[in-house]
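1. What follows is a protein structure lacking sequence information:
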């Protein structure tokens, strides 16, 4: 499902009320950051035997993911959290690895820019070395703008912060911002609520946007090696979620 389709569904399904589940409240520190990550879907790179039936462990998921990427010629990348398929953009240092990741997103024929969306993934919320939140289904790098709006939110009324689904809810309770997981289908069983200094989250958004701008230059360079790309710089801005910046 595309990010736009997911947002449309979310806008119908939720009415900006918080769930009635008691949250696990956590106060974050000044080391809070937003890490841009891309999702490397293993099925887009190659195939490998699936782990045994039933819920996969993080080790099983990681082994399957690495085997599929290896089958597609992509090695030497690690997920930000074991068992996830999210890779920090800073970890895609090899142009060959970046070209393979772009091929996986674009497919065999490069879509026109008006049919193209940002790379799947989004922003991982971290506090120091601890990753607190990962993007969810249908999230993409363009969600940096949703984080920007949340970071500057002044209303006490909770509003959706789209990172995919399940999404987050954000509101201002002076002098702090609150960001809370919103369960979908009973997941997570106990939502977490993060209490954040607005200025710290605003700084995290600025730094993430700067990282995406720098990533755009590397993506543009890699796109020059992909047939069918007409304007590498313009296409790169779309792929990193910075089309209008």
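-> Sure thing, it's come through. Being a predicted model, the structure only gives us computed values, none of them experimental.

2. Spatially central residue in this protein, please.
-> residue 122 (1.8 Å; Cα atoms, centre = their mean).

3. That one sits in which helix or strand?
-> Here residue 122 sits within strand 121-127, counting by DSSP states H and E.

4. helix or strand right after that strand?
-> Proceeding N to C from strand 121-127, the next assigned helix or strand is strand 130-133, under DSSP H and E.

5. Show me which positions of stretch 36-55 end up buried.
-> Under the neighbour-count criterion of 16 or more other Cβ atoms under 10 Å, stretch 36-55 has 36-40, 42, 44-45, 48 buried. (Each C-beta comes from the backbone N, C-alpha and C, glycine too.)

6. Stretch 76-91 too?
-> For stretch 76-91, the neighbour count (16+ other Cβ under 10 Å) marks 77, 79-80, 84-89 as buried.

7. Report the distance from stretch 37-56 to the chain centre.
-> On the basis of Cα atoms, centre = their mean, to the nearest Å, stretch 37-56 is displaced by 18 Å from the centre of the chain it belongs to.

8. So which of the buried residues of stretch 36-55 is the closest to residue 98?
-> Nearest to residue 98 out of the buried residues of stretch 36-55 is residue 38 (Cβ to Cβ; 9.6 Å).

9. Could you measure from the residue nearest to the centre of the chain over to residue 134?
-> 8 Å (Cβ to Cβ, to the nearest Å).

10. same question, residue 204
-> According to Cβ to Cβ, residue 204 and residue 134 sit 15 Å apart.

11. So for the longest helix anywhere in the chain, mean pLDDT?
-> Looking across the chain with DSSP state H, the single longest helix is helix 198-223. For helix 198-223, mean pLDDT is 98.

12. which one among the buried residues of stretch 36-55 gets closest to residue 192?
-> The closest of the buried residues of stretch 36-55 to residue 192 turns out to be residue 37 (Cβ to Cβ; 18.7 Å).

13. For the closest one, give me phi and psi.
-> Dihedral angles phi and psi of residue 37 (degrees, to the nearest 10) take the values phi -130, psi 150.

14. Ok, residue 110 next?
-> Torsion angles, degrees, to the nearest 10, at residue 110: phi -70, psi 120.

15. separation between the closest residue in space to it that isn't next to it in sequence and residue 242?
-> Closest residue to residue 110 apart from its sequence neighbours, by Cβ to Cβ, 6 or more residues apart in numbering: residue 228 at 3.7 Å. Noted for residue 228: a distance of 21 Å to residue 242, by Cβ to Cβ.

16. and what of residue 199?
-> 23 Å.

17. Neighbour count for the two, which is higher?
-> residue 242 (19 against 12; other Cβ atoms under 10 Å).

18. Then that one would be within a strand, right?
-> No. Residue 242: not assigned to a strand; according to DSSP: H, G, I helix; E, B strand; the rest coil it is coil.

19. Enumerate every residue touching it.
-> The contact partners of residue 242, by Cβ atoms under 8 Å, 6 or more residues apart in numbering, come to 142, 144, 209, 212-213, 216.

20. how about a markdown table for those, with neighbour count added?
-> Output for the contacts of residue 242, formatted as a markdown table (neighbours: other Cβ atoms under 10 Å):
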| residue | neighbour count |
| --- | --- |
| 142 | 22 |
| 144 | 23 |
| 209 | 20 |
| 212 | 23 |
| 213 | 13 |
| 216 | 22 |
